[in-house]
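Undergrad: show me the folded form of this:
(one chain, ligands or ions: 1)
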Amino acid sequence: MKLNVAAVRACYPALADGYAYLDGAAGTQVPRAVIDAISNAQAEGLGNSGGAFPASKRADVITAGCRAAIAALTGGHADGVVLGPNMTTLTYRFAGTLAKDWKPGDEVVVSRLDHDANVRPWVQAAEQAGATVRWAEVDPATGELPAGQYQDLITERTRLVAVSAASNIIGTRPDVPAITRLAKAAGALSYVDGVHATPHGPIDVRELGADFYATSAYKWSGPHIGAVVADPDLLRGLRPDKLKPSSDEVPERFELGTLPFASLAGVSAAVAHLASLTDLPDAALPDTGADADPATLRGRVLASMAAVHQHEQELFEVLLAGLDSMAHVRTYGRAASRTATAYFNVDGLTPVEVAERLASRKINVWDGDNYAWELTGVLGIRETGSAVRAGLVHYNDAADVDRLLTAVAELAG
Ligand SMILES: Cc1ncc(COP(=O)(O)O)c(C=O)c1O
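TA: Predicted structure coming up:
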(Lines give C-alpha, C1' and ligand atoms only; values in the text may rest on other atoms or scores of the structure.)
Protein backbone atom coordinates (compact mmCIF):
# COMPACT_ATOMS: atom_id res chain seq x y z
CA MET A 1 0.00 0.00 0.00
CA LYS A 2 3.00 2.31 -0.15
CA LEU A 3 4.48 4.53 -2.81
CA ASN A 4 8.02 3.64 -3.68
CA VAL A 5 9.25 7.05 -2.66
CA ALA A 6 12.82 6.40 -3.82
CA ALA A 7 11.48 5.68 -7.31
CA VAL A 8 9.28 8.80 -7.14
CA ARG A 9 12.23 10.96 -6.07
CA ALA A 10 14.37 9.62 -8.91
CA CYS A 11 11.89 11.23 -11.36
CA TYR A 12 12.83 14.71 -10.04
CA PRO A 13 16.24 16.05 -11.11
CA ALA A 14 16.09 18.97 -8.63
CA LEU A 15 15.84 16.65 -5.62
CA ALA A 16 19.42 15.53 -6.19
CA ASP A 17 20.83 18.80 -4.85
CA GLY A 18 20.95 17.63 -1.25
CA TYR A 19 18.20 19.91 0.06
CA ALA A 20 15.13 18.68 1.94
CA TYR A 21 12.32 20.27 -0.09
CA LEU A 22 9.66 20.93 2.54
CA ASP A 23 8.44 24.00 0.64
CA GLY A 24 6.07 22.09 -1.66
CA ALA A 25 3.00 23.99 -0.42
CA ALA A 26 4.45 27.07 -2.12
CA GLY A 27 5.31 25.18 -5.29
CA THR A 28 6.63 21.73 -6.11
CA GLN A 29 9.60 20.62 -8.17
CA VAL A 30 8.88 19.11 -11.58
CA PRO A 31 9.74 15.62 -12.82
CA ARG A 32 11.92 15.00 -15.88
CA ALA A 33 8.81 14.03 -17.88
CA VAL A 34 7.39 17.55 -17.42
CA ILE A 35 10.66 19.23 -18.35
CA ASP A 36 10.86 17.03 -21.48
CA ALA A 37 7.24 17.66 -22.47
CA ILE A 38 7.78 21.43 -22.34
CA SER A 39 11.03 21.32 -24.25
CA ASN A 40 9.72 18.80 -26.82
CA ALA A 41 6.69 20.99 -27.51
CA GLN A 42 9.01 23.90 -28.27
CA ALA A 43 11.41 21.76 -30.29
CA GLU A 44 8.64 20.34 -32.48
CA GLY A 45 7.51 23.80 -33.52
CA LEU A 46 4.50 25.63 -32.12
CA GLY A 47 2.26 28.14 -33.82
CA ASN A 48 -0.49 30.26 -32.36
CA SER A 49 -3.91 28.72 -31.95
CA GLY A 50 -6.46 28.28 -34.75
CA GLY A 51 -4.21 28.37 -37.82
CA ALA A 52 -4.30 26.20 -40.96
CA PHE A 53 -0.77 24.77 -40.61
CA PRO A 54 0.56 21.85 -38.52
CA ALA A 55 2.49 23.87 -35.90
CA SER A 56 -0.73 25.72 -35.06
CA LYS A 57 -2.72 22.50 -34.96
CA ARG A 58 -0.15 21.10 -32.52
CA ALA A 59 -0.87 24.03 -30.18
CA ASP A 60 -4.59 23.25 -30.36
CA VAL A 61 -4.00 19.55 -29.66
CA ILE A 62 -1.81 20.45 -26.66
CA THR A 63 -4.49 22.80 -25.30
CA ALA A 64 -7.23 20.19 -25.64
CA GLY A 65 -4.96 17.61 -23.99
CA CYS A 66 -4.29 19.94 -21.09
CA ARG A 67 -8.01 20.51 -20.48
CA ALA A 68 -8.63 16.75 -20.58
CA ALA A 69 -5.78 16.12 -18.14
CA ILE A 70 -7.07 18.66 -15.61
CA ALA A 71 -10.56 17.19 -15.99
CA ALA A 72 -9.12 13.74 -15.22
CA LEU A 73 -7.34 15.11 -12.16
CA THR A 74 -10.39 16.85 -10.73
CA GLY A 75 -13.34 14.82 -12.02
CA GLY A 76 -14.59 17.78 -14.06
CA HIS A 77 -15.56 18.22 -17.71
CA ALA A 78 -12.76 19.07 -20.17
CA ASP A 79 -14.94 21.74 -21.86
CA GLY A 80 -15.31 23.42 -18.48
CA VAL A 81 -11.57 23.83 -17.80
CA VAL A 82 -10.60 27.51 -18.03
CA LEU A 83 -6.84 28.05 -18.24
CA GLY A 84 -4.87 31.06 -17.04
CA PRO A 85 -1.57 32.17 -15.57
CA ASN A 86 -2.46 31.34 -11.95
CA MET A 87 -5.37 30.98 -9.55
CA THR A 88 -5.26 34.59 -8.36
CA THR A 89 -5.63 36.03 -11.87
CA LEU A 90 -8.45 33.62 -12.69
CA THR A 91 -10.26 34.36 -9.44
CA TYR A 92 -10.20 38.11 -10.13
CA ARG A 93 -11.51 37.25 -13.61
CA PHE A 94 -14.44 35.26 -12.21
CA ALA A 95 -15.14 37.75 -9.43
CA GLY A 96 -15.37 40.55 -12.00
CA THR A 97 -17.61 38.46 -14.22
CA LEU A 98 -19.98 37.19 -11.54
CA ALA A 99 -20.25 40.57 -9.81
CA LYS A 100 -21.60 42.22 -12.97
CA ASP A 101 -25.14 41.51 -11.81
CA TRP A 102 -24.63 41.85 -8.05
CA LYS A 103 -26.46 44.74 -6.44
CA PRO A 104 -26.89 46.33 -3.01
CA GLY A 105 -28.62 43.86 -0.71
CA ASP A 106 -26.87 40.87 -2.30
CA GLU A 107 -24.42 38.98 -0.10
CA VAL A 108 -21.21 37.02 -0.57
CA VAL A 109 -19.74 34.70 2.04
CA VAL A 110 -15.97 34.38 2.44
CA SER A 111 -13.94 32.62 5.12
CA ARG A 112 -11.06 33.48 7.42
CA LEU A 113 -9.51 30.09 6.68
CA ASP A 114 -8.82 31.02 3.07
CA HIS A 115 -5.72 32.18 1.23
CA ASP A 116 -6.25 35.84 0.37
CA ALA A 117 -6.65 34.93 -3.30
CA ASN A 118 -10.07 33.47 -2.44
CA VAL A 119 -10.99 36.39 -0.21
CA ARG A 120 -9.93 39.78 -1.56
CA PRO A 121 -11.20 39.38 -5.15
CA TRP A 122 -14.69 38.67 -3.73
CA VAL A 123 -14.51 41.38 -1.06
CA GLN A 124 -13.43 43.99 -3.61
CA ALA A 125 -16.02 42.89 -6.19
CA ALA A 126 -18.72 43.04 -3.51
CA GLU A 127 -17.60 46.51 -2.45
CA GLN A 128 -17.79 47.76 -6.03
CA ALA A 129 -21.29 46.29 -6.46
CA GLY A 130 -22.52 47.55 -3.08
CA ALA A 131 -23.06 43.96 -1.94
CA THR A 132 -22.50 42.82 1.65
CA VAL A 133 -19.65 40.55 2.74
CA ARG A 134 -20.28 37.97 5.44
CA TRP A 135 -17.45 36.10 7.16
CA ALA A 136 -17.20 32.45 8.17
CA GLU A 137 -15.01 32.19 11.28
CA VAL A 138 -12.25 29.78 12.23
CA ASP A 139 -11.96 28.30 15.72
CA PRO A 140 -8.44 29.45 16.69
CA ALA A 141 -7.96 26.56 19.13
CA THR A 142 -8.59 23.79 16.61
CA GLY A 143 -8.17 25.52 13.27
CA GLU A 144 -11.54 24.13 12.18
CA LEU A 145 -13.95 26.05 9.95
CA PRO A 146 -17.23 24.70 11.36
CA ALA A 147 -19.69 24.06 8.53
CA GLY A 148 -22.68 24.58 10.84
CA GLN A 149 -22.18 28.37 10.86
CA TYR A 150 -23.05 28.48 7.15
CA GLN A 151 -26.69 27.74 8.04
CA ASP A 152 -26.89 31.28 9.36
CA LEU A 153 -24.43 32.87 6.95
CA ILE A 154 -26.15 31.70 3.77
CA THR A 155 -29.54 33.25 3.06
CA GLU A 156 -31.76 33.82 0.05
CA ARG A 157 -29.70 36.99 -0.56
CA THR A 158 -26.42 35.05 -0.92
CA ARG A 159 -25.01 35.13 -4.45
CA LEU A 160 -21.68 33.43 -3.88
CA VAL A 161 -19.89 31.34 -1.25
CA ALA A 162 -16.08 31.25 -1.52
CA VAL A 163 -14.36 28.57 0.54
CA SER A 164 -11.12 26.66 0.57
CA ALA A 165 -10.87 22.89 0.19
CA ALA A 166 -7.76 23.05 2.40
CA SER A 167 -5.86 25.74 4.29
CA ASN A 168 -2.43 26.42 2.81
CA ILE A 169 -0.86 26.94 6.26
CA ILE A 170 -2.57 24.64 8.76
CA GLY A 171 -4.01 22.13 6.29
CA THR A 172 -7.61 22.21 7.60
CA ARG A 173 -10.02 20.52 5.20
CA PRO A 174 -13.47 21.97 5.88
CA ASP A 175 -16.64 20.02 5.14
CA VAL A 176 -16.97 21.54 1.66
CA PRO A 177 -19.85 19.30 0.49
CA ALA A 178 -21.96 20.44 3.47
CA ILE A 179 -21.19 24.10 2.71
CA THR A 180 -21.87 23.85 -1.04
CA ARG A 181 -25.14 21.99 -0.36
CA LEU A 182 -26.33 24.94 1.71
CA ALA A 183 -25.22 27.34 -1.02
CA LYS A 184 -27.03 25.37 -3.71
CA ALA A 185 -30.21 25.14 -1.63
CA ALA A 186 -30.18 28.96 -1.32
CA GLY A 187 -29.59 29.44 -5.06
CA ALA A 188 -26.01 30.69 -4.53
CA LEU A 189 -22.90 29.67 -6.45
CA SER A 190 -19.83 28.19 -4.77
CA TYR A 191 -16.20 28.93 -5.63
CA VAL A 192 -13.88 26.39 -4.05
CA ASP A 193 -10.17 27.08 -3.77
CA GLY A 194 -8.51 23.75 -4.46
CA VAL A 195 -4.99 25.08 -4.86
CA HIS A 196 -3.72 23.54 -1.65
CA ALA A 197 -6.03 20.50 -1.61
CA THR A 198 -5.39 19.14 -5.11
CA PRO A 199 -1.87 17.75 -4.59
CA HIS A 200 -2.71 15.89 -1.40
CA GLY A 201 -5.32 13.32 -2.40
CA PRO A 202 -8.12 12.34 -4.79
CA ILE A 203 -10.37 15.23 -5.86
CA ASP A 204 -13.89 15.02 -7.24
CA VAL A 205 -15.47 18.36 -8.01
CA ARG A 206 -18.93 16.77 -8.16
CA GLU A 207 -18.54 15.25 -4.68
CA LEU A 208 -17.35 18.62 -3.41
CA GLY A 209 -20.39 20.23 -5.03
CA ALA A 210 -18.17 23.04 -6.32
CA ASP A 211 -19.65 25.22 -9.06
CA PHE A 212 -16.12 26.53 -9.64
CA TYR A 213 -12.99 24.69 -8.53
CA ALA A 214 -9.64 26.49 -8.78
CA THR A 215 -6.29 24.74 -8.93
CA SER A 216 -2.69 25.58 -9.84
CA ALA A 217 -0.47 23.09 -11.65
CA TYR A 218 2.73 24.32 -10.04
CA LYS A 219 1.50 22.90 -6.73
CA TRP A 220 1.28 19.40 -8.22
CA SER A 221 4.50 18.89 -10.17
CA GLY A 222 3.51 21.00 -13.17
CA PRO A 223 4.49 24.39 -14.57
CA HIS A 224 3.07 27.78 -13.53
CA ILE A 225 -0.48 27.50 -14.87
CA GLY A 226 -3.81 27.98 -13.10
CA ALA A 227 -7.18 26.49 -13.97
CA VAL A 228 -10.79 26.88 -12.94
CA VAL A 229 -13.02 23.85 -13.48
CA ALA A 230 -16.77 24.43 -13.91
CA ASP A 231 -19.81 22.99 -15.65
CA PRO A 232 -19.63 24.16 -19.29
CA ASP A 233 -23.34 25.05 -19.17
CA LEU A 234 -22.72 27.34 -16.20
CA LEU A 235 -19.85 28.99 -18.09
CA ARG A 236 -22.08 29.47 -21.16
CA GLY A 237 -24.39 31.63 -19.08
CA LEU A 238 -21.62 34.03 -18.03
CA ARG A 239 -20.36 37.06 -19.97
CA PRO A 240 -16.78 38.01 -19.07
CA ASP A 241 -15.21 41.14 -20.54
CA LYS A 242 -13.37 40.08 -23.67
CA LEU A 243 -11.93 41.29 -26.94
CA LYS A 244 -14.31 41.46 -29.89
CA PRO A 245 -12.47 39.04 -32.21
CA SER A 246 -11.47 36.51 -29.52
CA SER A 247 -13.40 33.25 -29.27
CA ASP A 248 -16.84 33.39 -27.69
CA GLU A 249 -16.82 29.64 -27.18
CA VAL A 250 -16.65 28.03 -23.74
CA PRO A 251 -14.17 27.79 -22.09
CA GLU A 252 -12.08 30.02 -24.41
CA ARG A 253 -14.36 33.00 -23.70
CA PHE A 254 -12.76 33.34 -20.26
CA GLU A 255 -9.15 33.11 -21.42
CA LEU A 256 -7.30 36.35 -22.11
CA GLY A 257 -4.69 36.51 -24.85
CA THR A 258 -2.47 33.67 -26.01
CA LEU A 259 -2.03 30.60 -23.83
CA PRO A 260 1.48 29.33 -22.96
CA PHE A 261 1.21 26.19 -25.12
CA ALA A 262 4.53 24.58 -24.16
CA SER A 263 3.64 24.89 -20.48
CA LEU A 264 0.24 23.35 -21.18
CA ALA A 265 2.07 20.31 -22.56
CA GLY A 266 3.90 20.25 -19.22
CA VAL A 267 0.58 20.27 -17.33
CA SER A 268 -0.60 17.16 -19.20
CA ALA A 269 2.73 15.48 -18.45
CA ALA A 270 2.34 16.37 -14.76
CA VAL A 271 -1.07 14.69 -14.59
CA ALA A 272 0.32 11.64 -16.43
CA HIS A 273 3.17 11.58 -13.91
CA LEU A 274 0.80 11.74 -10.94
CA ALA A 275 -1.29 8.97 -12.50
CA SER A 276 1.81 6.81 -12.85
CA LEU A 277 3.11 7.03 -9.28
CA THR A 278 1.65 3.66 -8.38
CA ASP A 279 3.13 2.08 -11.53
CA LEU A 280 6.65 2.77 -10.30
CA PRO A 281 8.58 -0.31 -9.10
CA ASP A 282 7.42 -1.84 -5.81
CA ALA A 283 4.42 0.46 -5.40
CA ALA A 284 1.09 -1.13 -4.52
CA LEU A 285 -2.37 0.12 -5.34
CA PRO A 286 -4.55 1.02 -2.38
CA ASP A 287 -8.19 0.01 -2.64
CA THR A 288 -10.05 3.07 -3.88
CA GLY A 289 -13.28 1.48 -5.01
CA ALA A 290 -15.01 1.13 -8.33
CA ASP A 291 -14.07 4.55 -9.73
CA ALA A 292 -10.39 3.66 -9.72
CA ASP A 293 -10.54 1.95 -13.13
CA PRO A 294 -6.91 1.38 -14.19
CA ALA A 295 -8.01 1.56 -17.83
CA THR A 296 -8.70 5.29 -17.64
CA LEU A 297 -6.51 8.26 -16.77
CA ARG A 298 -9.09 9.31 -14.18
CA GLY A 299 -9.01 5.89 -12.56
CA ARG A 300 -5.23 5.85 -12.40
CA VAL A 301 -5.18 9.39 -10.98
CA LEU A 302 -7.62 8.35 -8.25
CA ALA A 303 -5.60 5.29 -7.28
CA SER A 304 -2.34 7.17 -7.36
CA MET A 305 -3.61 10.14 -5.36
CA ALA A 306 -5.05 7.80 -2.73
CA ALA A 307 -1.56 6.35 -2.34
CA VAL A 308 -0.13 9.89 -2.16
CA HIS A 309 -2.58 10.75 0.62
CA GLN A 310 -1.64 7.67 2.58
CA HIS A 311 2.09 8.27 2.14
CA GLU A 312 1.89 11.90 3.23
CA GLN A 313 -0.33 11.18 6.24
CA GLU A 314 2.05 8.49 7.53
CA LEU A 315 4.99 10.89 7.35
CA PHE A 316 2.93 13.73 8.78
CA GLU A 317 2.07 11.74 11.89
CA VAL A 318 5.80 11.43 12.61
CA LEU A 319 6.46 15.09 11.78
CA LEU A 320 3.67 16.43 13.95
CA ALA A 321 4.34 14.11 16.89
CA GLY A 322 8.01 15.12 16.75
CA LEU A 323 7.27 18.85 16.71
CA ASP A 324 4.63 18.53 19.43
CA SER A 325 7.06 16.66 21.67
CA MET A 326 9.47 19.62 21.75
CA ALA A 327 8.90 22.06 24.62
CA HIS A 328 10.37 24.97 22.60
CA VAL A 329 8.01 24.45 19.63
CA ARG A 330 4.41 25.54 19.25
CA THR A 331 2.34 24.10 16.39
CA TYR A 332 -0.88 25.58 14.98
CA GLY A 333 -3.94 23.70 13.75
CA ARG A 334 -5.61 20.62 15.17
CA ALA A 335 -8.27 19.95 12.53
CA ALA A 336 -9.70 16.44 12.39
CA SER A 337 -9.10 16.32 8.64
CA ARG A 338 -6.05 18.10 7.30
CA THR A 339 -3.32 17.96 4.71
CA ALA A 340 0.26 17.14 5.68
CA THR A 341 1.14 20.77 6.33
CA ALA A 342 2.83 21.79 9.61
CA TYR A 343 2.85 25.39 10.85
CA PHE A 344 4.92 26.17 13.91
CA ASN A 345 6.98 28.63 15.92
CA VAL A 346 10.17 28.12 17.91
CA ASP A 347 10.69 29.91 21.25
CA GLY A 348 13.20 32.74 21.12
CA LEU A 349 13.45 32.90 17.32
CA THR A 350 11.41 34.74 14.72
CA PRO A 351 9.97 32.64 11.87
CA VAL A 352 12.46 34.11 9.41
CA GLU A 353 15.34 33.26 11.76
CA VAL A 354 14.11 29.68 11.96
CA ALA A 355 13.83 29.48 8.16
CA GLU A 356 17.34 30.92 7.76
CA ARG A 357 18.85 28.47 10.25
CA LEU A 358 17.12 25.57 8.52
CA ALA A 359 18.23 26.85 5.09
CA SER A 360 21.83 26.83 6.32
CA ARG A 361 21.28 23.11 6.94
CA LYS A 362 19.83 22.61 3.47
CA ILE A 363 16.21 22.41 4.58
CA ASN A 364 13.67 24.47 2.62
CA VAL A 365 10.74 25.79 4.66
CA TRP A 366 8.62 28.93 4.34
CA ASP A 367 8.21 31.64 6.92
CA GLY A 368 5.47 34.25 7.14
CA ASP A 369 1.73 34.47 6.53
CA ASN A 370 1.89 32.71 3.14
CA TYR A 371 -0.98 35.02 2.15
CA ALA A 372 -3.29 33.37 4.70
CA TRP A 373 -3.85 36.94 5.84
CA GLU A 374 -7.08 36.52 7.76
CA LEU A 375 -6.08 33.24 9.40
CA THR A 376 -2.73 34.48 10.71
CA GLY A 377 -4.72 37.40 12.18
CA VAL A 378 -7.13 34.95 13.87
CA LEU A 379 -4.17 33.00 15.25
CA GLY A 380 -2.75 36.26 16.64
CA ILE A 381 0.66 35.83 15.01
CA ARG A 382 0.53 38.05 11.93
CA GLU A 383 2.23 41.03 13.59
CA THR A 384 5.16 38.90 14.78
CA GLY A 385 6.09 37.34 11.46
CA SER A 386 3.43 34.59 11.63
CA ALA A 387 5.11 31.16 11.68
CA VAL A 388 7.16 28.55 9.80
CA ARG A 389 5.55 26.17 7.30
CA ALA A 390 6.89 22.71 6.51
CA GLY A 391 4.67 20.94 4.00
CA LEU A 392 4.92 17.39 2.76
CA VAL A 393 4.19 16.25 -0.78
CA HIS A 394 4.46 12.88 -2.52
CA TYR A 395 8.23 13.10 -3.06
CA ASN A 396 9.14 13.81 0.57
CA ASP A 397 10.51 10.90 2.53
CA ALA A 398 11.28 9.86 6.10
CA ALA A 399 14.79 11.30 5.78
CA ASP A 400 13.34 14.78 5.03
CA VAL A 401 11.17 14.57 8.15
CA ASP A 402 14.03 13.28 10.26
CA ARG A 403 16.34 16.06 9.11
CA LEU A 404 13.75 18.70 9.95
CA LEU A 405 13.04 17.27 13.41
CA THR A 406 16.74 16.95 14.24
CA ALA A 407 17.43 20.52 13.09
CA VAL A 408 14.44 22.00 14.96
CA ALA A 409 15.41 20.08 18.13
CA GLU A 410 18.81 21.74 17.98
CA LEU A 411 17.17 25.20 17.93
CA ALA A 412 16.21 24.82 21.61
CA GLY A 413 17.46 27.86 23.51
C1 LIG B 1 -4.65 27.78 -1.00
C2 LIG B 1 -4.10 28.71 -2.03
N3 LIG B 1 -4.95 29.44 -2.76
C4 LIG B 1 -4.54 30.28 -3.71
C5 LIG B 1 -3.19 30.44 -3.98
C6 LIG B 1 -2.79 31.39 -5.06
O7 LIG B 1 -2.42 30.61 -6.16
P8 LIG B 1 -1.71 31.24 -7.43
O9 LIG B 1 -0.28 31.44 -7.07
O10 LIG B 1 -1.91 30.20 -8.49
O11 LIG B 1 -2.39 32.52 -7.74
C12 LIG B 1 -2.25 29.71 -3.24
C13 LIG B 1 -0.82 29.90 -3.48
O14 LIG B 1 0.01 29.64 -2.65
C15 LIG B 1 -2.72 28.81 -2.25
O16 LIG B 1 -1.88 28.06 -1.53
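Undergrad: what does the chain put close to the ligand?
TA: Selection of the chain residues close to the ligand by Cβ under 6 Å from any ligand atom yields 26, 86-88, 115, 117-118, 164, 168, 193, 195-196, 216, 226. Glycine gets a C-beta too; all of them are placed from N, C-alpha and C.
Undergrad: mind listing what's buried along the lengthiest helix in the chain?
TA: Scanning the chain for the helix with the most residues, using DSSP state H, yields helix 297-324. Going by neighbour count (16 or more other Cβ atoms under 10 Å), the buried part of helix 297-324 is 297-309, 311-312, 314-316, 319-320, 322-323.
Undergrad: out of the residues of the chain next to the ligand, which one sits closest to residue 411?
TA: Distance to residue 411, by Cβ to Cβ, is smallest for residue 26 among the residues of the chain next to the ligand, at 21.4 Å.
Undergrad: right, and the closest one touches residue 366 too?
TA: Yes - with contact defined as Cβ atoms under 8 Å, residue 26 counts as touching residue 366 (5.4 Å).
Undergrad: quick check: neighbours shared by the two?
TA: 389, 391 (Cβ atoms under 8 Å, 6 or more residues apart in numbering).
Undergrad: which of the two has more neighbours?
TA: residue 366 (23 against 15; other Cβ atoms under 10 Å).
Undergrad: backbone dihedrals for the more buried one, please?
TA: Here is the backbone geometry of residue 366 (degrees, to the nearest 10): phi -100, psi 150.
Undergrad: what is the longest helix of the chain packed up against?
TA: helix 54-74, helix 261-275, strand 329-331, strand 341-346, helix 398-409 (3 or more Cβ pairs under 8 Å, 6 or more residues apart in numbering; DSSP states H and E).
Undergrad: how about the ones you listed, which one is nearest residue 134?
TA: Comparison of these against residue 134 by Cβ to Cβ identifies strand 341-346 as nearest, at 26.2 Å.
Undergrad: tell me which residues of the closest one are tucked away?
TA: Applying 16+ other Cβ under 10 Å to strand 341-346 flags 341, 342, 343, 344, 345, 346 as buried.
Undergrad: in three-state terms, how would the residue nearest the centre of the chain be classified?
TA: Nearest residue to the geometric centre of the chain (Cα atoms, centre = their mean): residue 195, 1.5 Å. Three-state call for residue 195 (DSSP: H, G, I helix; E, B strand; the rest coil): coil.
Undergrad: residue ranges with poor pLDDT in the protein?
TA: Residues of the chain meeting the criterion pLDDT under 70: 1, 281-292.
Undergrad: quick one, strands of it?
TA: 20-21, 81-84, 107-111, 132-136, 158-164, 189-193, 212-216, 226-230, 329-331, 341-346, 363-364, 366-368, 387-391 (DSSP state E).
Undergrad: list of residues touching the fourth one?
TA: Outside of strand 132-136, the residues that reach it under the criterion Cβ under 8 Å, 6+ apart are 105-113, 122-123, 126-127, 145, 149-150, 153, 157-158, 163.
Undergrad: buried among the residues you listed? Make that a ChimeraX selection.
TA: To isolate the buried members of these in ChimeraX, using 16+ other Cβ under 10 Å:
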select :106,107,108,109,110,111,112,113,122,123,126,145,149,150,153,158,163
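Undergrad: residue 155 against residue 108, yeah?
TA: No - counting by Cβ under 8 Å, residue 155 sits too far from residue 108 to count as a contact (11.5 Å).
Undergrad: now the residue of the stretch 301-413 of the chain found nearest the ligand: closest residue in space, sequence neighbours ignored.
TA: Residue nearest to the ligand within the stretch 301-413 of the chain (Cβ to the nearest ligand atom): residue 371, separated by 6.2 Å. Nearest residue to residue 371, sequence neighbours excluded (Cβ to Cβ, 6 or more residues apart in numbering): residue 116, at 4.7 Å.
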